[in-house]
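Participant: What shape does this take:
(2 chains)
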Amino acid sequence: ETGVTQSPTHLIKTRGQQVTLRCSSQSGHNTVSWYQQALGQGPQFIFQYYREEENGRGNFPPRFSGLQFPNYSSELNVNALELDDSALYLCASSLSRRRNTGELFFGEGSRLTVL
Amino acid sequence: ELKVEQNPLFLSMQEGKNYTIYCNYSTTSDRLYWYRQDPGKSLESLFVLLSNGAVKQEGRLMASLDTKARLSTLHITAAVHDLSATYFCAVDWTGNQFYFGTGTSLTVIP
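Facilitator: Below you'll find the model as predicted:
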């Protein structure tokens, strides 16, 4: 069984640039969630995708956007990068909550540094 | 907005000792999760608690959930150095997003 994989693992950008982060969900999982974890804090929910549709969004501006593909993999795009966007971005996959535990399985994360 | 608070934020304990980490949350939920995070790493699932009174144990860790008190505990028995990490509780409130606690950074001293 393949776990959640994310790419790239580390990247450095400058203010104003755009970034795309990628995530492959665990085999059999149809739901992908993205979280932002700033240094020393708990993860903050960005959004969730279920069957290619956005299924909930946290308190993040529209310059954070995402996609989910038919194979359930996902992308997180951030436009007009700001210094505060520097963080670990975590992708998590799960089965739909209704018939399952809702447990999230996290990837290793993409560490973004904005200079 | 749901708030999830953990205490203590920092915990330094000697090997062999017992201690409890507390997780309080501000609204009704019957699903609570515990995760472990090592420095620079991702989150590893420890426990899934799905109902009032649920108790789960794995090795030296035991988690419980009291939905009426809106409280979960993570009890550490006879701590060993390998348990040093940051522990997060998370509440699934809306069905599609987890609210994470502030985290408890645990250091076990030989």
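
Participant: contacts, neighbours, all on C-alpha from now
Facilitator: Will do.

Participant: Those residues of chain A touching chain B, which are they?
Facilitator: Selection of chain A residues close to chain B by Cα under 8 Å from any Cα of the partner chain yields A:33, A:41-45, A:47-48, A:55-56, A:90, A:97, A:101, A:103-109.

Participant: Go through these and flag which are in strands.
Facilitator: Secondary structure from DSSP state E places A:Ser33, A:Gln44, A:Phe45, A:Phe47, A:Gln48, A:Asn55, A:Gly56, A:Leu90, A:Phe105, A:Phe106 of those in strands.

Participant: Reformat those residues as a markdown table; add neighbour count and pLDDT.
Facilitator: As requested, those are exported to a markdown table (neighbours: other Cα atoms under 10 Å in any protein chain shown; pLDDT from 0 to 100):
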| residue | neighbour count | pLDDT |
| --- | --- | --- |
| A:Ser33 | 30 | 95 |
| A:Gln44 | 21 | 96 |
| A:Phe45 | 22 | 95 |
| A:Phe47 | 23 | 95 |
| A:Gln48 | 26 | 94 |
| A:Asn55 | 16 | 90 |
| A:Gly56 | 16 | 91 |
| A:Leu90 | 25 | 97 |
| A:Phe105 | 21 | 93 |
| A:Phe106 | 25 | 95 |
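
Participant: Turn these into a markdown table, columns for distance to B:Val80.
Facilitator: As requested, those are exported to a markdown table (distance: Cα to Cα, whole Å):
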| residue | distance to B:Val80 |
| --- | --- |
| A:Ser33 | 33 |
| A:Gln44 | 30 |
| A:Phe45 | 32 |
| A:Phe47 | 37 |
| A:Gln48 | 37 |
| A:Asn55 | 41 |
| A:Gly56 | 40 |
| A:Leu90 | 28 |
| A:Phe105 | 25 |
| A:Phe106 | 25 |
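
Participant: Pick the one among these closest to B:Pro8.
Facilitator: A:Gln44 (20.0 Å; Cα to Cα).

Participant: how much space between that closest one and A:Val114?
Facilitator: 18 Å (Cα to Cα, to the nearest Å).

Participant: And B:Pro39, by the same measure?
Facilitator: 21 Å.

Participant: Could you pull up the contacting residues of residue 47?
Facilitator: With no chain named, the answer covers chain A. Listed by Cα atoms under 8 Å, 6 or more residues apart in numbering or on different chains, the contact partners of A:Phe47 are A:Ser33, A:Trp34, A:Tyr35, A:Glu54, A:Asn55, A:Gly56, A:Arg57, A:Gly58, B:Gln97.

Participant: my bad, the chain I had in mind was chain B
Facilitator: For B:Phe47, the contacting residues are B:Tyr33, B:Trp34, B:Tyr35, B:Lys56, B:Ala63, by Cα under 8 Å, 6+ apart.
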